[in-house]
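>>> build me a model:
(2 chains)
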Amino acid sequence: MKLKRTFGLKSTLPPYSIILLLTVTVLILAMVSLGLGAIYISPLEILQNFLGNGMQSQTFILHNYRIPRILIAVIVGAGLATAGAILQGVLRNPLASPDVIGVTKGAGLAAVIVIVLFPQSPIIILPLSAFIGAAVMAAILMIFVYKKGAQPNTIALVGIALGAICQAGIEYFMVKFPDDVNTTLLWLTGSLWGRGWDQVFILLPCLVLVPVLIALTSKMDVLSLGDDIATGLGERSKLLRYILLSVSVILIGVCVAAVGSIGFIGLIAPHIARRVVGSKFKVLLPASALFGSIFLLVADSLGRGLFPPIEIPAGIITAVIGVPYFLYLLRRERKIT
Amino acid sequence: MTTLSAEHLSLSYGATQIIDNIDLEIPEGKISIIIGSNGCGKSTILRSLARLLMPQQGTIYLDGKDIQQQSSKEVAKKLAILPQAPEAPEDITVKELCYYGRHPHKGLFSRQTPEDHRIVERALSATKMTEFADRTLDALSGGQRQRAWISMALVQETDLLLLDEPTTYLDLAHQIEILELLRDFNETYGRTIVMVLHDLNQAAQYADHLISIKQGKIYKEGPPETVFTKEMIKDVFRLECCIIENPVDQTPLCIPIGLSQD
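Below is the predicted model of the structure:
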């Protein structure tokens, strides 16, 4: 019964208290996650560190490894989930996600090319090329879609086709250069291992998009009524769709550049959010972002905490959680239609 | 009042020409109804009048200015369009839907005002939807849902209201309910209504101005008494019929005989 209330129907709690609740959850998870890993640090010790009288070795670990890593988990989770929520709204397809429109795969292909063909290149080249790969895929997608007037189904189908081409490219390089498969695989599954302040600084510019998105929420709601109604209500539907598509591509590109392609967050977090707070973007976007942060924090913490000192990449955990949910979703969608 | 007209209008979908060089003037404060056989381009004309479709050639004038050159938002304050079979997220309520009608009157961050509430309440009571205000759209019957969409269009508070087959998928009683509602609205507030209808007799009954379309051209337009003739129905719909006077309101009434042989 309880399960039904939280997952089967829109929650009866007012949306803003849900968002508050989710924010608190993110903060608690972040605190717990700070302690997990090869060296365990208790919440009390973390607090002492923050107050400036902790052990020096712990302070070092926290400042140089754990804090940036948790910041990355929070931002990337939120970024991918927000991008997914926008895509699901813009494409009017509940199964749309960053992976579906081929952008993640484009980033993956670009990264694999760099890893395999230019292994000596400086570390900053990898995220940069991933972002360029995502942007190129997005550009190709938009050119193809432009002629058809940015119809939601066209975007999704072209995206899937482009993704398939990139996947073929990725596999070609992995077969052709088997020596580099390990590095490539780690990147392709997506992991927060070894990520630090450099990646945080890659991600920070994303925050510029927050006010942009807040300004666009009411327009996104109108667009979800369909192109004709949206135009009738005074919006320029096609232009709006391009702008929103661009925003989500930038988010995806930056996130993938920072941590590799972590799947399923962009699909599942907005989906859960929609069921809990409904489809109004003013509450859907923040709720999705928070669910995304929670999802990635949990995945990363499990990956670090299950078998220390061995780490399981977060991308694997999100897939293990995500695939069953996705299948459940497919079943449910089929029942409705 | 707001005027709407088209000059040398040609419309096409891709390479297929649908409407070929027509001129059209919508009479102010009247109900205009566009009729024609399936695929004759009547919905296409309506869509272009509402700037949902860009003319291939010619111009549509709203208040004397090219509608395509005006900002979509400014147009939305003067003209509301209800397309055929609109879709919405399943979980929004009738009231929430109505508030979307205020969208063109709002800036990026402006909030709902008491004035908005009054306008929404008024529209809901005009469409007799007040009691369903908090229901979600998926919990409504077809007729109620259509009335909810019409409420949204009313909330937009425009001089012009365009509707594409507003009675499709409804049973007869609900069709009449919608048409009566629109006529009331026209008579009470003097708003101009343009709609596409399938049912010829309903068109003759409710139109002040009837526009019949045949193969991308205007066959004849004017008051139903002059347009709604045996010859028009034979030429436009290839239907032999006899026209009698409707005993209720003296409008022309078509009794079909059979398909025209030539």
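
>>> every contact and neighbour count from this point should use C-alpha atoms.
Will do.

>>> report the distance from the helix or strand residue A:166 falls within to the chain centre.
Element membership for residue A:166 (DSSP states H and E) is helix A:152-176. Computed by CA atoms, centre = their mean, to the nearest Å, the chain-centroid distance of helix A:152-176 equals 19 Å.

>>> which strands and helices sit next to that helix?
Counting contacts by 3 or more CA pairs under 8 Å, 6 or more residues apart in numbering or on different chains; DSSP states H and E, helix A:152-176 packs against helix A:103-117, helix A:125-147.

>>> check which helices and strands the last one sits against.
For helix A:125-147, the elements it packs on are helix A:103-117, helix A:152-176, helix A:237-259, judged by 3+ CA pairs under 8 Å, 6+ apart.

>>> buried sites along that helix?
For helix A:125-147, a neighbour-count test (16 or more other CA atoms under 10 Å in any protein chain shown) marks A:126-138, A:141-142, A:144-145 as buried.

>>> what ranges does the stretch 1-150 of chain B have for its strands?
Taking DSSP state E, counting those that start in this stretch as the test, the strands found in the stretch 1-150 of chain B are B:4-13, B:16-26, B:31-36, B:57-62, B:65-66, B:79-82.

>>> tell me the strands beside the second one, with direction?
Spelled out, it's strand B:16-26. Under the criterion DSSP bridges, strand B:16-26 sits next to strand B:4-13 (antiparallel) in its sheet.

>>> quick one: contacts of the strand it pairs with?
B:17-26, B:44-45, B:48-49, B:54-64 (CA atoms under 8 Å, 6 or more residues apart in numbering or on different chains).

>>> what subset of those is buried?
For the contacts of strand B:4-13, a burial check counting by 16+ other CA under 10 Å picks out B:18-24, B:26, B:44-45, B:48-49, B:54-56, B:58-62.

>>> residues from the stretch 1-150 of chain B in reach of chain A?
Residues of the stretch 1-150 of chain B found near chain A, taking CA under 8 Å from any CA of the partner chain as the criterion, are B:50, B:52, B:71-77, B:79-83, B:86-89, B:91-92, B:100-101, B:103-104, B:108-109.

>>> helices of chain B, start to end?
Using DSSP state H, the helices of chain B run over residues B:42-49, B:72-76, B:94-100, B:114-126, B:142-155, B:172-189, B:200-206, B:224-227, B:230-237.

>>> residues in contact with residue B:238?
Taking CA under 8 Å, 6+ apart as the test, what residue B:238 contacts is B:259, B:260.

>>> if we go to 6 Å?
residue B:260 (CA atoms under 6 Å, 6 or more residues apart in numbering or on different chains).

>>> equivalent analysis for residue A:273, please.
Counting by CA under 6 Å, 6+ apart, residue A:273 makes contact with A:287, A:288.

>>> got the angle between the helix or strand encompassing it and helix A:237-259?
In the assignment (DSSP H and E), residue A:273 maps to helix A:265-277. In terms of direction (axes from the mean of the first three to the mean of the last three CA atoms, to 10 degrees), helix A:265-277 departs from helix A:237-259 by 120 degrees.

>>> just the CA trace of helix A:265-277, in CSV.
The C-alpha coordinates for helix A:265-277 follow below in CSV (Å, rounded to 0.1, in the frame of the first residue of the first chain):
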residue,chain,number,x,y,z
ILE,A,265,20.3,8.2,-14.6
GLY,A,266,18.9,10.4,-17.3
LEU,A,267,16.2,7.9,-18.0
ILE,A,268,15.1,6.8,-14.5
ALA,A,269,15.5,9.8,-12.2
PRO,A,270,13.2,12.1,-14.2
HIS,A,271,10.7,9.2,-14.5
ILE,A,272,10.6,8.6,-10.7
ALA,A,273,10.4,12.4,-10.2
ARG,A,274,7.4,12.7,-12.6
ARG,A,275,5.5,10.1,-10.7
VAL,A,276,6.2,11.7,-7.4
VAL,A,277,5.7,15.4,-8.1
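
>>> continuing past it, what's the next helix or strand?
Going down the chain from helix A:265-277, the next helix or strand is helix A:281-305, by DSSP H and E.

>>> helix A:265-277 and that next one, what's the angle between them?
Relative orientation of helix A:281-305 versus helix A:265-277 (the same axes, to 10 degrees): 130 degrees.

>>> can helix A:281-305 be found next to chain B?
No: Helix A:281-305 lies out of reach of chain B by CA under 6 Å from any CA of the partner chain, never closer than 11.5 Å.
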